[in-house]
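# the sequence and its predicted three-dimensional model are supplied below.
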Amino acid sequence: MVLDNLGESLRGTLKRIANAKHIDPQLIKEVVREIQRALISADVNVKLVLQLTKSIERRALEEKPPAGMSAREHVVNIVHQELSTILGNDRRIPLKKQVIMLVGLYGNGKTTTAGKLSKYFQKKGLRPALIAGDVHRPAAVDQLRTLAEQTNTPFYGETDNKDTIQIVTRGLEKFKKSADVVIVDTAGRHKLDDDLIQEMRAIFEAVKPDEKFLVIDASVGQQGGPQAKAFNDTVGVTGVIITKLDGTAKGGGALSAVAETQAPVVFIGTGEHIADFEQFDANRFIGRLLGMGDIEGLLEKAQEAAEGQDMEKSARKMMSGKFTLHDMYSQMEMLNKMGPLGKVAQMLPGGMGQKLQGAEMEQSQIKMRRFKVVMDSMTEAEMEAPNLIKSSRQRRIARGAGADVQEVKDLLKYYDMTKRMMKGFGSNRKAQRNLMRQLKFQGGGP
Ligand SMILES: Nc1nc2c(ncn2[C@@H]2O[C@H](COP(=O)(O)OP(=O)(O)O)[C@@H](O)[C@H]2O)c(=O)[nH]1
Ligand SMILES: [Mg+2]
């Protein structure tokens, strides 16, 4: 696996957390030190490592685990989140008709990557084609032709022509109809010099590629950062492909340094063979490093724990007939989260939602937002027992919310109506089940 050593030490560290009887400051300190060691030996920038581990330590000591999450899971989750911020910065390439150009320094893996990309798109059901735009070395055209044959990809190249733009233009014309994704390989240099910049710019202008991928060899380590930045600043890249992540201890350096430049990593190369190539998904990548089978599940759990449980609890409470302004408030938030009001309203009894349409719907959404502002200037006691709110309190609340008294009255009227409706709803089993199912589906509770 990529970054084997890093992964091994991180997994070992997380195991310690998982096996610990309790999470105490001493353990967290040790764990943080281990993570530091692991990252530094994977060549991640020392300053970055210190920042990251400080943040892990602080959060692990200060933040309370969200409801439904154990202290251990919480710490693991923090480690994952913080690692994602330094190694993660990905971008998904749309599966559509497009022209992709590969740029980068000599020997970094452009031509090989062209072949790998072709295979990748084939697997996704798209028709790729390859164009050889490296005219400086005769062998380059043959190298790409061989890759094209290996992958059964239509190919265009000219061996006795030095005019890259002419070649590429002809190639594009040839594949206009017959290919979905045209991949253009280009020449490199030993460094990013004026000649290379000129050539890239001229080709960009002629080709107008949808994607400009910079190919970087992971063994440059932290130098990958300045390289990505230099290319990005001079010609603009839409994605970075980091190659040779298989054979180097410096992979962590390259990945984190590139992430820092804000240029998104789109693919990684993990070997010389066509198949040694994968889409870069920061979350999954880190999950694998940490040896977590279902990191996504854990992340979702973290989010839902915070939101979902409250949602379901308050839904049950509302239907039981106990219904305060607090409940109405969270109900409004819940409806917001559940998306289009219309869809939710349709689940309500008596089809009362179906009458709300277009402008009316918008109106009622604005009104809800206003209501929340009004409720924000109520006291706890008033929220719990709205019948306390007589005219002098109404005036005070209105003033506090920058509303007029009528709005407060409207809110109270709406509250009464909702309360009555909720009671009715509570006795309607089928609608109840529907709502609970929907809450669960939307990410509510366990
Ligand atoms: N181990 C490994 N080797 C790679 C990878 N990608 C490319 N290479 C090798 O790197 C060398 C240079 O690759 P090439 O595609 O010709 O680079 P270009 O000059 O940028 O076109 C070749 O020997 C490739 O086999 C990779 O992901 N892993
Ligand atoms: Mg090449």
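Cool, got the structure. Ligands and ions are numbered 1, 2, ... in the order given.
# going by C-alpha atoms from here, please, whenever you check contacts or count neighbours.
Fine.
# let me see the ranges of the strands in this protein.
Assigned by DSSP state E, the chain shows strands spanning 98-103, 128-133, 155-156, 181-186, 211-217, 239-243, 265-269, 277-279.
# packing partners for the second one?
With contacts defined as 3 or more CA pairs under 8 Å, 6 or more residues apart in numbering; DSSP states H and E, strand 128-133 has these neighbours: helix 110-123, helix 138-151, strand 155-156, helix 164-175, strand 181-186.
# apply 6 Å and report the result again.
When contacts are defined as 3 or more CA pairs under 6 Å, 6 or more residues apart in numbering; DSSP states H and E, strand 128-133 sits against strand 155-156, strand 181-186.
# next, see if it gets close to ligand 1.
No. If you take CA under 6 Å from any ligand atom as the test, strand 128-133 misses ligand 1, and the best it gets is 10.4 Å.
# identify the residues contacting that strand?
Strand 128-133 is contacted by residues 118, 141, 153-157, 164, 179-186 when judged by CA atoms under 6 Å, 6 or more residues apart in numbering.
# got a pLDDT number for Thr151?
At Thr151, the model reports a pLDDT of 95.
# count residues in the vicinity of the nearest residue to it once chain neighbours are set aside, would you?
Computed as CA to CA, 6 or more residues apart in numbering, the closest residue to Thr151 that is not its neighbour in sequence is Lys119, at 6.3 Å. By the criterion of other CA atoms under 10 Å, Lys119 has 24 neighbours.
# distance of Lys119 from Tyr106?
Separation of Lys119 from Tyr106 (CA to CA, to the nearest Å) stands at 22 Å.
# among the helices and strands packed on strand 128-133, which is the most enclosed?
Most buried of those, by mean neighbour count (mean count of other CA atoms under 10 Å): strand 181-186, with a mean of 26.
# quick one, it and strand 98-103 angle?
Orientation check (axes from the mean of the first three to the mean of the last three CA atoms, to 10 degrees): strand 181-186 against strand 98-103 gives 20 degrees.
# centre of the chain to strand 181-186, how far?
In terms of CA atoms, centre = their mean, to the nearest Å, the centre of strand 181-186 is found 27 Å from the chain centre.
# domains of this protein?
With domains defined by automatic domain parsing, the chain comprises 4-87, 98-280, 307-441.
# so which of those domains is the most surrounded?
Of the domains of the chain, the one with the most neighbours on average (mean count of other CA under 10 Å) is domain 98-280, at a mean of 20.
# what about it, start to end distance?
The first-to-last residue distance of domain 98-280 comes to 19 Å (CA to CA).
# ditto for stretch 232-252
Stretch 232-252 end-to-end distance (CA to CA) = 20 Å.
# average model confidence for it?
Here the average pLDDT along stretch 232-252 is 91.
# do the same with stretch 121-129
92.
# same thing with stretch 405-418?
Per-region confidence: stretch 405-418 scores 90 on mean pLDDT.
# begin at 42 from here
Okay, residue one is now 42; in that scheme the one you just asked about reads as stretch 446-459.
# what does stretch 286-299 rub up against?
43, 83-85, 127-128, 259-260, 262-263, 265-266, 311-312.
# could you dump those residues to TSV with pLDDT and distance to ligand 1?
Output for those, formatted as TSV (pLDDT from 0 to 100; distance: CA to the nearest ligand atom, whole Å):
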residue	pLDDT	distance to ligand 1
Val43	73	10
Ala83	90	17
Asp84	92	18
Val85	92	20
Ile127	83	22
Leu128	81	18
Ala259	94	9
Ser260	93	10
Gly262	93	14
Gln263	93	17
Gly265	93	14
Gly266	93	17
Thr311	91	4
Gly312	92	3
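# so which of the residues you listed sit within helices?
Within the contacts of stretch 286-299, residues falling in helices by DSSP state H are 127-128, 265-266.
# lowest-confidence helix or strand of this structure?
Here the helix or strand of the chain ranked lowest by mean pLDDT, DSSP states H and E is helix 382-386, holding a mean of 49.
# before we move on, the earlier item: could I get the domains of the chain as a markdown table with distance to Arg329?
Formatted as a markdown table, the domains of the chain follow (distance: least, CA to CA, whole Å):
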| stretch | distance to Arg329 |
| --- | --- |
| domain 45-128 | 8 |
| domain 139-321 | 12 |
| domain 348-482 | 27 |
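# quick one: closest of the ones you listed to Gly328.
Closest to Gly328 of the domains of the chain is domain 45-128 (CA to CA; 7.3 Å).
# what about the closest one, start to end distance?
So domain 45-128: terminal residues 15 Å apart, CA to CA.
# tell me the residues of the protein that contact ligand 1?
Counting by CA under 6 Å from any ligand atom, the chain sits next to ligand 1 at 147-153, 284-285, 287-288, 310-313.
# how about a cut-off of 5 Å?
Residues of the chain lying close to ligand 1 (CA under 5 Å from any ligand atom) are 147-153, 284-285, 310-313.
# show me where the stretch 242-391 of the chain has its helices.
If DSSP state H, counting those that start in this stretch is used as the criterion, the helices of the stretch 242-391 of the chain fall at 265-276, 292-301, 323-330, 336-360, 366-378, 382-386.
# neighbouring contacts of stretch 200-216?
Identification of contacts with stretch 200-216 by CA under 6 Å, 6+ apart yields 174, 176, 197, 244.
# roughly how far does the second one sit from Ser433?
Right, Val176. According to CA to CA, Val176 stands 84 Å off from Ser433.
# give me the pLDDT value at Phe254.
Confidence at Phe254, expressed as pLDDT, is 97.
# name whatever forms a beta bridge with it.
Beta-bridge partners recorded for Phe254 (DSSP bridges): Leu143, Gly280.
# farthest-apart pair in the ones in helices among the contacts of stretch 286-299, please.
Of all pairs in those, the most separated under CA to CA is Ile127 and Gly265 at 14.1 Å.
# could I get the helices and strands packed on strand 169-174 as CSV with distance to Leu296 and mean pLDDT?
As requested, these are arranged in CSV below (distance: least, CA to CA, whole Å; pLDDT from 0 to 100):
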stretch, distance to Leu296, mean pLDDT
strand 196-197, 32, 98
strand 222-227, 23, 97
